[in-house]
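Sequence and predicted structure are below.
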Amino acid sequence: YKRLLDILASALGLIVLAPILLAAGLAIRITMGGPVLFRQERPGYKGRSFVLCKFRTMRSPKEGEVWFRSDGERVTGLGRMLRRTSIDELPELWNVLRGEMSLVGPRPLLMEYLEKYTPEEMRRHDAPPGITGWAQINGLRGDTCLKQRLECDIYYIKNWSIWFDLKIVFLTF
């Protein structure tokens, strides 16, 4: 049922949200140029890599600027608005439609974290990564403690049900 719901909801979401997707893409193109999408390899189900797609929210690094040290400075005004409203995440509906992600599941973190997980933490990859998840609705986003986020992810894996997913989707809104 989970995959069927993911297909139906992501297809419907892409259709209904098309005007917002188009407006965001045009605004990014006009204010920052290309590319409009940010693509990054992330670990998915069973740790297999996939390319996550989001709207770009940062300007390119200036010459001599170390990209990962200047992330906060490179977020544009439009980027802050896209992040605050989570519109930057909407292209991930395409990842859901393709079967690389689910609407609900542990957020896909960076590839370099894979080698640092304990065997218990690695269980977060026993489900497809999600656009939203138990950690996100509990306020654990962005720069919050990784250990707490991983604990929420394991709790989700251990307690998964279609009802739990529906609760998370409802609480996300």
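Cool, the structure landed. Numbers count the residues shown, from 1 in each chain.

From the contact counts, what lies against the helix or strand where residue 15 lies?
In this assignment (DSSP states H and E), residue 15 forms part of helix 2-16. If you count contacts as 3 or more Cβ pairs under 8 Å, 6 or more residues apart in numbering; DSSP states H and E, helix 2-16 packs onto helix 92-97, strand 102-104, helix 162-172. C-beta: built from backbone N, CA, C; applies to glycine.

Give me the buried positions along the last one.
So that's helix 162-172. 165, 168, 169 (16 or more other Cβ atoms under 10 Å).

Which residue lies nearest the spatial centre of this structure?
residue 131 (4.7 Å; Cα atoms, centre = their mean).

isn't it right up against residue 108?
No. Judged on Cβ atoms under 8 Å, residue 131 makes no contact with residue 108 at a distance of 9.6 Å.

ok, residues contacting the helix holding residue 15?
21, 90, 93, 94, 96, 97, 99, 102, 103, 162, 165 (Cβ atoms under 8 Å, 6 or more residues apart in numbering).

following it, which helix or strand shows up next?
helix 18-32.
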